[in-house]
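> following is a predicted model, sequence given first.
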There are 2 protein chains.
Amino acid sequence: MENFVFYNPVKILFGKGQIANITTEIPVDAKILITYGGGSIKANGVYDQVKSALVGRNVFEFGGIEPNPHFETLMKAVELIRKEGIDFLLAVGGGSVADGTKFIAAAVPFVGDPWDILANRAPVTAALPMGVVLTLPATGSEMNTNSVVTKWETQEKLFFASPFVFPKFSVLDPETTFSLPPRQIGNGIVDAFTHVMEQYLTYPVNAPLQDRMAESILKTLISEGPKTLANPTDYHARANLVWSATMALNGLIAVGVPQDWTTHMIGHELTALHGLDHAQTLAIVLPSTLTIRRDRKWQKLLQYADRVWEIVGGSEAERVNTAITKTRDFFESVGVPTHLSDYAIGSETIPAVIKNLEKHGMTALGENKDVNPQVVEQILALCA
Amino acid sequence: MENFVFYNPVKILFGKGQIANITTEIPVDAKILITYGGGSIKANGVYDQVKSALVGRNVFEFGGIEPNPHFETLMKAVELIRKEGIDFLLAVGGGSVADGTKFIAAAVPFVGDPWDILANRAPVTAALPMGVVLTLPATGSEMNTNSVVTKWETQEKLFFASPFVFPKFSVLDPETTFSLPPRQIGNGIVDAFTHVMEQYLTYPVNAPLQDRMAESILKTLISEGPKTLANPTDYHARANLVWSATMALNGLIAVGVPQDWTTHMIGHELTALHGLDHAQTLAIVLPSTLTIRRDRKWQKLLQYADRVWEIVGGSEAERVNTAITKTRDFFESVGVPTHLSDYAIGSETIPAVIKNLEKHGMTALGENKDVNPQVVEQILALCA
């Protein structure tokens, strides 16, 4: 096991009816901005629950945060906050709203052009306090420091992270997700699964507890994912998906182990170029990344085959191949196609993705920092 | 899954050489009190590492905190702190030093007799900030709100918990534990194992991720415990034990599931009456609790037999019995005897334990609150 620092102060309020409890989590005299997306929270009752919980409070609203939230949109919220003296943010929505609100929280006190936070890794030294009411299980943003923002003008999808943007609290009520379309649930399953894989499927460092915990999340997603797709109002199946998605990226399974974010980095460029859902890009790229990098990941692939998919027969190579095939099949089974051609994208995207990765300094990806543009080309060629 | 709130803001600094980093975790102008036990930290170099890290700081010391820390001793520290205006506590030691320091932290600002915190559950509304340098993997105190303190005068071992006594940080350097005697390592393995069991071995509530995470810790303890006993300076085996012990009681595997602290509550009374090590009492009581309550715990015992011990053959009853036997054998294999007679304690302890449990209001223990004095009698009779 490698040395590590672990710190995660997000308070999780999990379960039915927990939205009502946000009232005790937000300072009484706060000027609150509710941030949200396209308005589904008004259709599914979440907006009303939040407003009821905040009756008598000083509340502003900012809607219209897009999937893959746009820098340009978020800066409008920054302007509103500065003008009104707002001092607490409440993100109500999925990962995009949470990510976007984290950027807003960091941008408000930032001196200079906040785009530098994303483009030039300018250090974040303060942020407005924020809470989250999660309505879509997928990204884990509700319990981590990460944020991904897209500049619409240039189609750049960039990342920042800072402990200052840990939510003070996050409400996870599985019932708020019952009305989501199957496509978003399937995406959430793939997203959470891939988050675990990027922290688990590298090389062994004698960290059995971290391995087993990662495998625990994968096995839970495999058992509960199809259940919650088949019966969206099965409370327990949905609750298990929600908690799995949060645990997949709250830092815990990453402690003391190497990580490989190759699939995410390639995926971000595919979304920026083609507008694919984030999870669609992961479903496309992960099986190919595992295949192209299988020699480097051999021992963990064998462990994954054994413990997660319970593959017993055959040679090592057969077990590795079967495990990768089962991964692809699982993504397909939850409704997320795994080939570029399924999205009408041809091989012309390969040089475009590589060019953008180079522009963003992403030329040495992976747990060994040896996934260079040539390897990315091999991976993308296999995604056809 | 049941509704839950999860919150754990303890920053973990894990690995070789991490003690040096406490300097950035403690405010520069703090008046620091280092608390410790019997002086083993002076023999094993930990004391020197801590002092080196705090060169130039305003440091006081308070040694002599006993295993099962005594209220009477801790109150002497409270007096010193109030007199000197100390405002940061650094516990250097095992669970007893951490627990004792939590009590000190809560007692200093407490108005009235601090014994009320333990005896009458008086609410804790403030505490001094504290950090921990852990030198013994066992109790999980380094990453939770719990504290157990014994009043020497009356031999009462009592518990309190408060979010105000979460350590600000805990340093877990596995190398600081290399010099521990096998008895203490064996105790730590049993303690951590039992912590998991008390949160896991109840009844199913459709919380597969929590179940699998609990099983992950149990399996890691089973694989790493014997390794680290056989080779105390094997860094990875010891690191895996240390992290497992912390994860066993930091609240994570308890979210949304029922809990059964019967074994701990009975064990506390055995320690108070007979001076046994905490883990010795758990090793004695847990197998009997599982046996006497097996009808109530049937489904989880079968799951435990299957997943943790990989028992496949035989009837359900045979698998349950084998799993309990394997639990007992595991405790014995790490050097902790599991019968009262191994400690020269006879059946005369049974009425004494029951009397003390009644005195402390512990007459409805367990996940179903139906472990009454009569059931405790059956459990203890089986511990002979």
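Perfect, thanks for sending it. Fair warning: this is a prediction, and the values are worked out from it, not measured in the lab.

> so which bits of the stretch 251-384 of chain A are right by chain B?
A:Leu252, A:Val255, A:Gly256 (Cβ under 8 Å from any Cβ of the partner chain). (C-beta placed from N, C-alpha, C; glycine too.)

> can you map out the strands along chain A?
Ranges of strands within chain A are A:4-6, A:11-14, A:31-35, A:58-62, A:88-93, A:130-134, A:146-151, A:156-161, A:169-172, based on DSSP state E.

> contacting residues around the nearest residue to A:Asn146 once chain neighbours are set aside?
The shortest distance from A:Asn146 to any non-neighbouring residue, by Cβ to Cβ, 6 or more residues apart in numbering or on different chains, is to A:Ala161 (4.9 Å). For A:Ala161, the contact set (Cβ atoms under 8 Å, 6 or more residues apart in numbering or on different chains) comprises A:Asn144, A:Thr145, A:Asn146, A:Ser147.

> got a winner among these for most neighbours?
Among those, A:Ser147 has the most neighbours (other Cβ atoms under 10 Å in any protein chain shown), with 29 neighbours.

> that residue bridge partners, please.
As for beta bridges, A:Ser147 partners with A:Phe160 under DSSP bridges.

> is it in contact with A:Lys102, as I believe?
Yes: with contact defined as Cβ atoms under 8 Å, A:Ser147 counts as touching A:Lys102 (4.0 Å).

> common neighbours of those two, please.
Common neighbours of A:Ser147 and A:Lys102 (Cβ under 8 Å, 6+ apart) are A:Ser141, A:Val165.

> okay, now A:Tyr235: neighbour count?
A:Tyr235: 16 neighbours (other Cβ under 10 Å).

> what's the answer for A:Glu79, then?
12.

> ok, it to chain B distance?
Distance from A:Glu79 to chain B, counting by Cβ to the nearest Cβ, to the nearest Å: 32 Å.

> go on, A:Ala77?
From A:Ala77 to chain B the distance is 28 Å (Cβ to the nearest Cβ).

> hang on, the earlier thing: in CSV, list the strands of chain A along with mean pLDDT.
Output for the strands of chain A, formatted as CSV (pLDDT from 0 to 100):
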stretch, mean pLDDT
strand A:4-6, 98
strand A:11-14, 98
strand A:31-35, 98
strand A:58-62, 98
strand A:88-93, 98
strand A:130-134, 98
strand A:146-151, 94
strand A:156-161, 90
strand A:169-172, 98
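
> mind putting those into JSON lines with distance to A:Thr263?
Formatted as JSON lines, the strands of chain A follow (distance: least, Cβ to Cβ, whole Å):
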{"stretch": "strand A:4-6", "distance to A:Thr263": "22"}
{"stretch": "strand A:11-14", "distance to A:Thr263": "27"}
{"stretch": "strand A:31-35", "distance to A:Thr263": "28"}
{"stretch": "strand A:58-62", "distance to A:Thr263": "32"}
{"stretch": "strand A:88-93", "distance to A:Thr263": "24"}
{"stretch": "strand A:130-134", "distance to A:Thr263": "23"}
{"stretch": "strand A:146-151", "distance to A:Thr263": "14"}
{"stretch": "strand A:156-161", "distance to A:Thr263": "14"}
{"stretch": "strand A:169-172", "distance to A:Thr263": "25"}
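
> out of those strands, which is closest to B:Thr291?
Nearest to B:Thr291 among the strands of chain A is strand A:11-14; the distance by Cβ to Cβ comes to 33.6 Å.

> partner strands of that closest one and their direction?
Looking at strand A:11-14 with DSSP bridges, its partner strands are strand A:169-172 (parallel), strand B:4-6 (antiparallel).

> need the winner for burial among the ones you listed.
Each of those was given a mean neighbour count from mean count of other Cβ atoms under 10 Å in any protein chain shown, and the largest, a mean of 26, is that of strand A:169-172.

> show me which residues of the stretch 1-150 of chain A sit near chain B.
Counting by Cβ under 8 Å from any Cβ, the residues of the stretch 1-150 of chain A that sit close to chain B are A:1-18.

> need the buried ones from these selected in ChimeraX.
Typed into ChimeraX, the line below selects the buried ones among those, using 16 or more other Cβ atoms under 10 Å in any protein chain shown:
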select /A:1,4,6,8,9,10,11,12,13,14,15,18
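
> show me how far stretch A:212-222 is from its chain's centre.
Counting by Cα atoms, centre = their mean, to the nearest Å, stretch A:212-222 is centred 17 Å from the centre of its parent chain.

> what's the answer for stretch A:113-130, then?
Taking mean C-alpha positions (Cα atoms, centre = their mean), stretch A:113-130 and its chain are 19 Å apart.

> can you check stretch A:193-200 too?
Mean-position distance between stretch A:193-200 and its chain equals 11 Å (Cα atoms, centre = their mean).

> neighbouring contacts of it?
A:140, A:210-211, A:214-215, A:217-218, A:221, A:248-249, A:253-254, A:257, A:259-264, A:279, A:282-283, A:286, A:290, A:300, A:304, A:327, A:330-331.

> take stretch A:304-315, keep the C-alpha atoms, and write them as CSV.
In CSV, the C-alpha atoms belonging to stretch A:304-315 read as follows (Å, rounded to 0.1, in the frame of the first residue of the first chain):
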residue,chain,number,x,y,z
TYR,A,304,-11.3,-9.0,-11.6
ALA,A,305,-12.3,-12.0,-13.7
ASP,A,306,-12.2,-14.3,-10.6
ARG,A,307,-13.8,-12.1,-8.0
VAL,A,308,-16.2,-9.9,-9.9
TRP,A,309,-17.3,-12.1,-12.7
GLU,A,310,-16.5,-15.4,-11.0
ILE,A,311,-14.9,-16.8,-14.2
VAL,A,312,-13.2,-20.1,-13.3
GLY,A,313,-12.4,-22.1,-16.4
GLY,A,314,-9.9,-21.5,-19.2
SER,A,315,-6.4,-20.2,-19.6
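
> now do that stretch: distance to the chain's middle.
28 Å.

> which of the residues in it are buried?
For stretch A:304-315, by 16+ other Cβ under 10 Å, it's A:Tyr304, A:Ala305, A:Arg307, A:Val308, A:Trp309, A:Ile311.

> and stretch A:160-176, how far apart are its ends?
Start and end residues of stretch A:160-176 are separated by 28 Å (Cα to Cα, to the nearest Å).

> swap in stretch A:146-166?
Span of stretch A:146-166 from end to end, Cα to Cα: 8 Å.

> list the buried residues in that stretch.
A:146-151, A:156-160, A:162, A:164-166.
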